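[1] heads up, no residue letters with this:
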């Protein structure tokens, strides 16, 4: 029903996708739309695609030719970067507009500023923005971790967060409607904007991220060999840093090893730099917190893999006996949902984004984000009680199948796009 509505309500519909790393969050949507071969789809992006995109999608790349102003005020740096990207994207949009392309709908991720000026090119075209997060000085991520963030009451910290929202505010102003992947992320936005935001996740491919009871031995490199019978504990970050609880997890390792001396702890993610939050003042976060537990743990059973290819990463989750996911009150990672989809038992932080998916002792265990001893005890509980762990893993997968699978999410996305494109749904 939803597919027929989308395919036939708008014949030969022109759709423009804008994402600096296309397809990004639009991966599954564009694949589904492209199946009809009815619509004219153009995507604007700055980077080469990291995966195969449908042949019917015309991908146009544009270049960022200008850098930031020397010695610019650091609070304005991010805003200037987004204006620079917005200008480059608008120039590319203007070129295709001059060639006669007029989109019926623009789907854009405004996180890097690309969509800032598209209404100046196509004033009447509705824009459906993919919003991720709205920074607040109190109650979310910016004042969550005093140890790492320092004095969270400083007005400078609040001012920095305020300025991070500058481009977000502009994108909200020009949007006809918005979408957020989770209810928690939607709740970060001011109340009057929430009225024009739909909470729909991108969708997890549950046919790929699936349990595999017959998972074979995984060789990640010459040093890391993981067998199905091993007691494997996994921890995954894009970059190993405090925003995703790296410090709490590392501090839990001596307590885990006291109770589970033969467990293999596998830590996935970039070991240098940061994705979120501040840089480590003394080297890298990875080494900074390892030094804290030096002499208190057995490094033979700790494996840092760096970044893994997706196939290896899924094989690792299928072998894992317990997956640990910790996060500040911030954007939720795909890795939690993918681990749940594979049926892996979860120990998560009792923070709002995780609590939206994990109900304590139903489809996982929750612990205080900072309590590394409770984390170790919960991991040990699930490794020792495999019947309970497997039951929680099965319920975790059912949670994803019901509310976060492609079958659950993609039809909702397409219906929303139809409503926005037709003008039936627009903000007041």
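    Looks like it came in fine. Keep in mind that this is a model prediction, so the values were computed, not measured.
[2] And for the spatially closest residue to residue 301 that is not a sequence neighbour, the neighbour number?
    Nearest non-adjacent residue to residue 301, counting by CB to CB, 6 or more residues apart in numbering: residue 264, 5.5 Å away. C-beta: built from backbone N, CA, C; applies to glycine. Residue 264 has 21 neighbours, counted by other CB atoms under 10 Å.
[3] Report pLDDT for residue 264.
    On the pLDDT scale, residue 264 is placed at 98.
[4] quick one: the residue most central in space within the chain from residue 352, how far?
    In the chain, the C-alpha nearest the mean C-alpha coordinate belongs to residue 333, at 4.1 Å (CA atoms, centre = their mean). Computed as CB to CB, to the nearest Å, the residue 333 to residue 352 distance reads 14 Å.
[5] what does residue 406 give?
    Residue 406 is 25 Å from residue 352, by CB to CB.
[6] again with residue 388
    From residue 388 to residue 352 the distance is 25 Å (CB to CB).
[7] Tell me which of these two has more neighbours.
    residue 352 (20 against 14).
[8] who touches the more buried one in this structure?
    Counting by CB atoms under 8 Å, 6 or more residues apart in numbering, residue 352 makes contact with 184, 187, 329.
[9] Name the next helix or strand downstream of the helix or strand bottoming out on mean pLDDT in the chain, please.
    For the chain, counting by mean pLDDT, DSSP states H and E, helix 2-9 ranks last in confidence among helices and strands (a mean of 42). Sequence-wise, the next helix or strand downstream of helix 2-9 (DSSP states H and E) is strand 14-18.
[10] list the contacts for residue 423?
    Here residue 423 is in contact with residue 126 (CB under 8 Å, 6+ apart).
[11] On the pLDDT front, check it for me.
    For residue 423, pLDDT reads 89.
[12] Quick check: the gap between it and residue 180.
    22 Å.
[13] Residue 257 belongs to a helix, doesn't it?
    Yes: counting by DSSP: H, G, I helix; E, B strand; the rest coil, residue 257 falls inside a helix.
[14] need the helices for the stretch 251-400 of the chain, in chain order.
    285-292, 310-319, 334-341, 352-355, 372-384, 386-403 (DSSP state H, counting those that start in this stretch).
[15] So which of those is nearest residue 248?
    Within these, the stretch nearest residue 248 is helix 372-384; the backing value is 5.1 Å (CB to CB).
[16] wait, what's in contact with residue 366?
    Per CB under 8 Å, 6+ apart, neighbours of residue 366: 347, 348, 349, 350, 354, 355, 358, 360.
[17] Which PyMOL command selects the buried ones in those residues?
    Only the buried entries of those go into this PyMOL selection, using 16 or more other CB atoms under 10 Å:
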select buried, resi 347+348+349+350+354+358
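[18] For the contacts of residue 366, which two are the farthest from each other?
    Taking CB to CB, no two of these sit farther apart than 347 and 355, at 13.3 Å.
[19] Look at residue 333 and report its pLDDT.
    Reported pLDDT for residue 333: 96.
[20] Could you list which residues are in contact with it?
    236, 237, 238, 244, 325, 327.
[21] So which of those wins on neighbours?
    Ranking these using other CB under 10 Å puts residue 325 first, with 28 neighbours.
[22] pretty sure it is in contact with residue 350, am I right?
    No: in this structure, residue 325 is not within contact of residue 350 by CB atoms under 8 Å, at 11.5 Å.
[23] Excluding chain neighbours, what is closest to residue 45?
    In space, residue 45 is closest to residue 22, 3.8 Å off (CB to CB, 6+ apart).
[24] ok, now residue 289?
    Nearest to residue 289 is residue 250, by CB to CB, 6+ apart, at 4.2 Å.
[25] And residue 228, how far from residue 283?
    36 Å.
[26] quick one: which of the two has more around it?
    More crowded of residue 228 and residue 283, by other CB under 10 Å: residue 228, with 15 against 11.
[27] coming back round to it: and the contacts of residue 333, which of them are in strands?
    236, 237, 238, 325 (DSSP state E).
[28] my read: the third one touches residue 275, true?
    Spelled out, it's residue 238. Yes: Residue 238 lies in contact with residue 275 (CB under 8 Å); the separation is 4.8 Å.
[29] What distance do you get for the residue nearest to the centre of the chain to residue 42?
    From residue 333 over to residue 42 (counting by CB to CB), the distance is 30 Å.
[30] Understood, closing this out.
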